[in-house]
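Enquirer: This is a predicted model, with the sequence first.
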Amino acid sequence: MLIKYFCRISSFGCRTSQQIGISRYFHSSGTLANMKIGTHDGVFHCDDVLACYMLKRLPEYKDAKIVRTRNPELLNACDVVVDVGAVFNHDKKRYDHHQREFNESLSSLRPELGDKYKIKLSSAGLVYTYYGEKLIQQLAPKEAPLNDDDLKIIFRKVYENFIEEIDAIDNGVPMTEEEPRYKICTHLSARVGRLNPEWNSKQEVNLDDIFQQAMKLVGEEFLYSVNYLINVWLPARDFVKNSIEKRFEIHKSGEIMEFEERFPWKEHFFELEAEMAIEPKIKYVIFNDKPNSWRVQAVPEYASSFITRKPLHPKWWGVRDEMLSDVSGIPGCVFCHSTGFIGGNTSREGALKMAVASLEATD
């Protein structure tokens, strides 16, 4: 049953019905039934699509209607407006980033996160800045909600791995100061853009319907990113920390560590290494890949780098099987990559010997 209700600050801390200009109706569950999310009409982009999707994931906006318009009167009747209107004001729920004076970043709006995040925010970034933790906690397992520390870790990582890219692309921030050697044309922003009608298309389409398709696309990507980080990436942190602490049990140098299985470790490793002030720097990781298959991997200079701190023995690069065992003097060798960043052996003992020999190599 719908209950007519006029919003008062004293009751729910929201704007008065005079400020909103219309009365509100609540479902019996207590959620607003005719809330409106405003954004611009015409060609859509990844940031406004994602901003609307994230808002729709919140309980207070889950039943909201998306109003795509540039009409100021219609936008003023909306409860929240993204990517249009030339206003950024969190108190008024206005999240546009196109104003000449707008230059906010995640770090400027959330200084407690440090000064690492300096990319100018898009409408998606603005919505994530204020509602990201709530979104993430809703997606966490209900039987195991994230504690404050883990929530902060996931919030940062979702921004780094997902939102920041969209902010940068929408604001035209280049990835490098030099001309890139190649282009990436299959990123999420590009796929969202392709849903818009081509300039020379004669087919009549309903852009509001296509906008919903775009929301479904970004939603799948957003949910995958958050769920992966909560359920797969975050649990690996304790395993990495434990391996770092036990590194001297693997080899007296402390420059080799061991994982009992294959899992995402690099980002955790570099964060923990810095936090724990590890010296000397760890050079190699050995891990069990599958039955009778062990790997030795050279640690990169940073998580996404293709350059390693100390590659595997240079005399092994590109050599395989028995020939590699003969060259190295280590039984069970399977391969060494042509750049020396990873190699394989049939046993743990063999993988460890490959790491030690590479560590001791001088040429």
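Expert: Cool, got the structure.
Enquirer: Residue ranges of each domain in the protein, please.
Expert: 35-196+207-233, 236-360 (automatic domain parsing).
Enquirer: mind listing what's buried in stretch 190-206?
Expert: Val192, Gly193, Leu195, Asn196 (16 or more other Cβ atoms under 10 Å). From N, CA and C alone the C-beta is placed, and that goes for glycine too.
Enquirer: excluding its backbone neighbours, what's nearest the residue nearest the centre of the chain?
Expert: When Cα atoms, centre = their mean is applied to the chain, the residue found nearest the centroid is Asn161 (2.5 Å). Excluding its sequence neighbours, the residue lying closest to Asn161 (Cβ to Cβ, 6 or more residues apart in numbering) is Ser225, at 6.1 Å.
Enquirer: and what of Asp208?
Expert: Nearest non-adjacent residue to Asp208 (Cβ to Cβ, 6+ apart): Arg68, at 5.9 Å.
Enquirer: Next, that neighbour: phi, psi?
Expert: For Arg68, the backbone dihedrals are phi -100, psi 110 (criterion: degrees, to the nearest 10).
Enquirer: okay, now it: neighbour count?
Expert: Using other Cβ atoms under 10 Å, Arg68 has 18 neighbouring residues.
Enquirer: Give the full set of residues in contact with it.
Expert: Gly38, Thr39, His40, Asp41, Phe44, Leu207, Asp208, Phe211 (Cβ atoms under 8 Å, 6 or more residues apart in numbering).
Enquirer: sorry, back to before: surely the residue nearest to the centre of the chain is within a helix?
Expert: Yes - with DSSP: H, G, I helix; E, B strand; the rest coil as the criterion, Asn161 is part of a helix.
Enquirer: Could you report the separation of it from Tyr53?
Expert: Between Asn161 and Tyr53 the computed distance is 17 Å (Cβ to Cβ, to the nearest Å).
Enquirer: same deal with Met215?
Expert: Distance from Met215 to Tyr53, by Cβ to Cβ: 5 Å.
Enquirer: for Lys36, same thing?
Expert: Taking Cβ to Cβ, one finds Lys36 at 16 Å from Tyr53.
Enquirer: who's more crowded, the two?
Expert: Tyr53 (24 against 19).
Enquirer: list the contacts for the more buried one?
Expert: Contacts of Tyr53 by Cβ under 8 Å, 6+ apart are Met215, Val218, Gly219, Phe222.
Enquirer: Need phi/psi at it.
Expert: Here is the backbone geometry of Tyr53 (degrees, to the nearest 10): phi -60, psi -50.
Enquirer: Can you name the residues that contact the residue nearest to Pro311 when sequence neighbours are not counted?
Expert: Using Cβ to Cβ, 6+ apart and skipping the chain neighbours, the partner closest in space to Pro311 is Gly340 (3.2 Å). If you count contacts by Cβ under 8 Å, 6+ apart, Gly340 has them with Ala298, Thr308, Pro311, Leu312, His313, Pro314, Trp316, Trp317.
Enquirer: Now render these as JSON lines, adding distance to Tyr117 and pLDDT.
Expert: Shown next, in JSON lines, are those (distance: Cβ to Cβ, whole Å; pLDDT from 0 to 100):
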{"residue": "Ala298", "distance to Tyr117": "30", "pLDDT": "97"}
{"residue": "Thr308", "distance to Tyr117": "27", "pLDDT": "96"}
{"residue": "Pro311", "distance to Tyr117": "32", "pLDDT": "97"}
{"residue": "Leu312", "distance to Tyr117": "35", "pLDDT": "98"}
{"residue": "His313", "distance to Tyr117": "40", "pLDDT": "97"}
{"residue": "Pro314", "distance to Tyr117": "39", "pLDDT": "96"}
{"residue": "Trp316", "distance to Tyr117": "41", "pLDDT": "97"}
{"residue": "Trp317", "distance to Tyr117": "38", "pLDDT": "97"}
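Enquirer: In those, find the pair that's most separated.
Expert: Thr308 and Trp316 (13.6 Å; Cβ to Cβ).
Enquirer: For these two, indicate the residue with more neighbours.
Expert: Using other Cβ under 10 Å as the criterion, Thr308 and Trp316 rank with Trp316 on top: 25 against 18.
Enquirer: Val84 contacts Gly42, doesn't it?
Expert: No - using Cβ atoms under 8 Å, Val84 is not in contact with Gly42; the gap is 10.1 Å.
Enquirer: which of these two has more neighbours?
Expert: Shown here are Val84 and Gly42; by other Cβ under 10 Å, Val84 has more neighbours (22 against 9).
Enquirer: Check the gap between the more buried one and Ala51 for me.
Expert: On the measure of Cβ to Cβ, Val84 and Ala51 end up 11 Å apart.
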